[in-house]
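Participant: Sharing a model prediction with you, sequence too.
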Amino acid sequence: MTILSVKGLSVSYQDKVETRSLLEDATFDLGQSEILGLVGESGSGKSLLCRAIIGLLPSTKLSVTSGDVVLEGRSILGLEEKAMMDVRGRRIGMIFQNPTSHLDPVMRIGDQICEGLFRHGSYSKQDARVQAIELLTQVGFPDPARAFRSYAHEFSGGMRQRAMIAIALSCEPEILIADEPTTALDVTVQAQILELLLELRKKRGLSIILITHDLGVVAQTCDRIAVMREGRIVEIEEKRKLLSAPQHSYTKTLIASHPSFDDHLASRALDDDIVVEEPHIKPIFEVDDLVVEFNAGKSWFRSKAAFRALAGVSCQIFPGDTIGIVGESGSGKSTLARAMIGLTPITSGDIAYDGAVLTLKRDQALRKLRREVAMVFQDPFNALNPRMTVEAMLREVLETQGEIARNAIDSRIDELLELVGLDVSFRPRKPKSLSGGQCQRVGIARALAVNPKVIIADECVAALDVTIQAQIISLFKELREKMALTIIFIAHDLAIVRELCESVIVMHHGRIVEAGRTEDVFDNPEQDYTANLLAAIPNIDPDKPIGTRTVARAIQGN
Amino acid sequence: MAQTRPFFPQLKWRALMSSNTTLTLGFCILAFFIAAALLAPLVAPFDPILQDASARLQAPTLLHPFGTDNFGRDVLSRVIWGVRIDLQIALLGVLFPMIIGTILGTVAGFLGGIVDTILMRIIDIVLAFPFLVLMLSIITILGPGLASFYIAMALVGWVSYARLVRAQILVLKTMDFAVAAQSLGYSRLRIMFRHLLPNALTGSIVFAMSDVILVLLNGAAISYLGLGVQPPAAEWGIMVAEGQGFITQAWWITFFPGFAIVCLALGFSLLGDALGDMWEAEV
């Protein structure tokens, strides 16, 4: 039974100068208790489509130009604001990507749920409380009564997302629109949230529209998948059909660029014999029993208990190696990387780079590090000074390093841009006028300008679309071949690490729980934690269950 | 991405257009005042300090469009000559605190630790005193005059800028581009003033332009108390103060210089808004 149908919906942007079509002829039906996945790159119009459905277009310059939205036989498109408010929340609920910014920070979670209950139902204060606690139980809070009294900041990202789902559910909607609900979360938490959505569908008969850019997420949760590109739904099909026999070329690219596991197993097996261990080479990085503590709230008269970001980490990294550091957020991956290049003060332990001990001869080691180790950052927009042109940024590095003659700098800049696959015409552009992928390329060019021996990439593809992720990864592979780089690749996405890295370090709670060659660790994980991390990855194979049962247990165990 | 790209140039153009009206208006007002200051000897109909006992407290007429004051001096001429001093007060009185405050705020925010603590406590101390009382005591110690006023202004006024900029820097220095700059081995000075400061400047510029109003009023207050510009020099603050006693019989003595202060302040604040927007739009 169809509950919501969208017929030929078009949205366009209009101002005095021009009219541009942002959404063209979107047509789909959503069945009773069906989960429809909406996939596509950022800017493909996924979110806009959903906002158009509930009549909340983000700007007054946008308007629906044609088409219709029918909710149970009644058109809701031209509805007055007052009637529309009844549809929102009560009929169609929404949850968002970033639970932190969509929860009211100064209002208790319970009150935020009750607000919805009062708005759409007739509850007494007491009933509302009971109902809210019931909802909190349903979305999996272990102590719902306490959660009721808590504020958003007292919860982790995953718990906040659960709270937001509870709020959306409070009005008992028939349809839930989830806009990238798990993008900001760790894989393990993501798996839990997705499982929760599946459970809610089963219990309440909820219909869900799940927006995401990760094909893996939809493959395992949705019934049907719609692929969007440039404002059009290019393909909509039952998920198995779509994944096994994609019709549209874009869908094929999307599937090909998904770093899912199984495709690589075969090719990896072949490479195995070729790689030779070289134990006699001196390690380029040696980390010995490294401890990093952060003082949370130090004052003049007392020092509070310090937070241990790294609790005794030892590892060796050999030149020419590509090593992946994986783990959930908060596991100390980034801290380790930053400590290694002297950006974070060390509490105890030793770090040596190419024989220079950072803890003993700090200045000398730092000078060497700054010259030979470069970093690529997670958020490509944040990592570039918004006021500087691409050229100015590269020039600055080259001038500060002072290894190239002034008159050779110009040609070196061209060379660097070419190396990362950017045109010379990018020189005068500022970060604002670059896309995420281009920004990241500039970031990499800046790192390469140092002429480094080692590149530390800190979650450098996490903020990018899958197709662009794939491009950046292949860029890294290419650079590794060309320049004999040592790459330390920090990521929470294990699939990418598998694709790129030769060896891997798994971190958890500031400790290394497992390390070794990538194939060994991934195929035969010795630790439960690693196994759970692996199981939680969204897989493009729709028949694989989301492995949260085991993961949930592991998390409770900690 | 491809979908949203073509938006940018167009949006920027619109932003510039809308800020252009304020820019043009602010610029025109200021240009008018600057012209008046430069051409004062030519456009002022009378000598601003020439007293004429026969023409005391005359209401605005064609001969004296702004009327005359209690000494028979032409108010229009005095307002025109006053631009010279008041523009100077507005510019220097804002410039010094802004420069000092911005630099100290950047340093405090970036270095943190003991430097930050000390600077912030000094700011607390300065702020704990009533603004005028502190100004007055500094000027009294240094001796009356405009130079003392500027020094006092610089010593007291920097705190707002320092606070403003420090808060911005604290946010900016944790951003990846600052960490990147550090990891590339740039010097601290370079990171502070080349990378962080330009991104923290918008608030400072806008605040400076609205601060002009406060500085002008302060200058007037100080002159009124006899510690700033000395009579019989034509300065709007003094004129307002002198006219106060005659407010019921001769409103024009106070009204016109007061109105000039408002106009000048308006010009600065419009220009400040527009400049701030342009500085932002560049990103």
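Facilitator: Ah, there it is.

Participant: So which bits of the stretch 51-200 of chain A are right by chain B?
Facilitator: Residues of the stretch 51-200 of chain A found near chain B (CB under 8 Å from any CB of the partner chain): none. For every residue, glycine as well, the C-beta is placed using N, CA and C.

Participant: Residue of the stretch 51-200 of chain A nearest chain B, please.
Facilitator: As assessed by CB to the nearest CB, chain B sits closest to residue A:61 within the stretch 51-200 of chain A, at 10.2 Å.

Participant: In the stretch 51-200 of chain B, where is pLDDT below threshold?
Facilitator: Scanning the stretch 51-200 of chain B for pLDDT under 70 picks out nothing.

Participant: Might you enumerate the residues of it proximal to chain A?
Facilitator: Counting by CB under 8 Å from any CB, the stretch 51-200 of chain B sits next to chain A at B:175-177, B:179-187, B:190, B:194-195, B:198-199.

Participant: how about the residue of chain B found nearest chain A, what does it touch?
Facilitator: In chain B, the residue that lies nearest chain A is residue B:185 (3.0 Å; CB to the nearest CB). Contact partners of residue B:185, counting by CB atoms under 8 Å, 6 or more residues apart in numbering or on different chains, are A:366, A:367, A:370, A:371, A:400, A:401.

Participant: and it, backbone torsions?
Facilitator: phi 80, psi 20 (degrees, to the nearest 10).

Participant: Of all the residues in the stretch 251-400 of chain A, which one is nearest chain B?
Facilitator: residue A:370 (3.0 Å).

Participant: Am I right that that residue falls within a helix?
Facilitator: Yes: secondary structure of residue A:370, determined by DSSP: H, G, I helix; E, B strand; the rest coil: located in a helix.

Participant: Can you tell me the SS state at residue 172?
Facilitator: Since you didn't name a chain, this refers to chain A. Assignment for residue A:172 (three-state DSSP): coil.

Participant: look at chain B instead
Facilitator: From three-state DSSP, the assignment for residue B:172 is helix.

Participant: hang on, isn't it packed against residue B:192?
Facilitator: No: taking CB atoms under 8 Å as the definition, residue B:172 is not a contact partner of residue B:192, at 10.2 Å.

Participant: how far does the host helix or strand of residue B:96 sit from the chain's center?
Facilitator: Element membership of residue B:96, judged by DSSP states H and E, is helix B:75-111. Taking the mean of its C-alpha atoms, helix B:75-111 sits 5 Å from the chain's own mean (CA atoms, centre = their mean, to the nearest Å).

Participant: which strands and helices sit next to that helix?
Facilitator: helix B:7-38, helix B:40-43, helix B:113-128, helix B:146-173, helix B:197-224, helix B:236-243, helix B:251-281 (3 or more CB pairs under 8 Å, 6 or more residues apart in numbering or on different chains; DSSP states H and E).

Participant: how close does the most centrally placed residue in chain B get to residue A:48?
Facilitator: Taking CA atoms, centre = their mean, the centroid of chain B lies closest to residue B:212, which sits 2.1 Å from it. Applying CB to CB, to the nearest Å, the value for residue B:212 to residue A:48 is 44 Å.

Participant: what's the answer for residue A:211, then?
Facilitator: From residue A:211 to residue A:48 the distance is 10 Å (CB to CB).

Participant: Please say which of these two ends up with more neighbours.
Facilitator: residue A:211 (25 against 22; other CB atoms under 10 Å in any protein chain shown).

Participant: That one pairs with what?
Facilitator: With DSSP bridges as the criterion, residue A:211 is bridged to residue A:38, residue A:179.

Participant: can you pull the contacts of it?
Facilitator: A:38, A:46, A:47, A:50, A:177, A:178, A:179, A:180 are the contacts of residue A:211 under CB under 8 Å, 6+ apart.

Participant: List only those of the residues you listed flagged as buried.
Facilitator: A:38, A:46, A:47, A:50, A:177, A:178, A:179, A:180 (16 or more other CB atoms under 10 Å in any protein chain shown).

Participant: Closest one to residue B:24 out of the residues you listed, please.
Facilitator: Closest approach between the buried ones among the contacts of residue A:211 and residue B:24, by CB to CB: residue A:47, at 38.3 Å.

Participant: hang on, the earlier thing: name the residues of the helix holding residue B:96 that are buried.
Facilitator: For helix B:75-111, by 16+ other CB under 10 Å, it's B:75-90, B:92-94, B:96-98, B:100-110.

Participant: Also stretch A:31-46?
Facilitator: A:33-46.

Participant: Max pairwise distance over these: which two?
Facilitator: A:33 and A:43, at 30.5 Å, using CB to CB across the buried residues of stretch A:31-46.

Participant: Could I get the phi/psi values of the residue of chain A positioned farthest from its centre?
Facilitator: Within chain A, residue A:407 marks the point farthest from the mean C-alpha position, 41.6 Å out by CA atoms, centre = their mean. When quoted as degrees, to the nearest 10, the phi and psi of residue A:407 stand at phi -80, psi -10.

Participant: next one: residue A:30
Facilitator: phi -120, psi 120.

Participant: Ok, residue A:8 next?
Facilitator: Per degrees, to the nearest 10, the backbone of residue A:8 is at phi 50, psi 40.

Participant: Surely it and residue A:67 touch.
Facilitator: Yes: the criterion here is CB under 8 Å, and residue A:8 meets it with residue A:67 at 4.0 Å.

Participant: of those two, who's got more company?
Facilitator: Neighbours per residue (other CB under 10 Å) separate residue A:8 from residue A:67, with residue A:67 holding more: 18 against 11.

Participant: ok but that one is inside a strand, no?
Facilitator: Yes: Residue A:67: assigned to a strand according to three-state DSSP.
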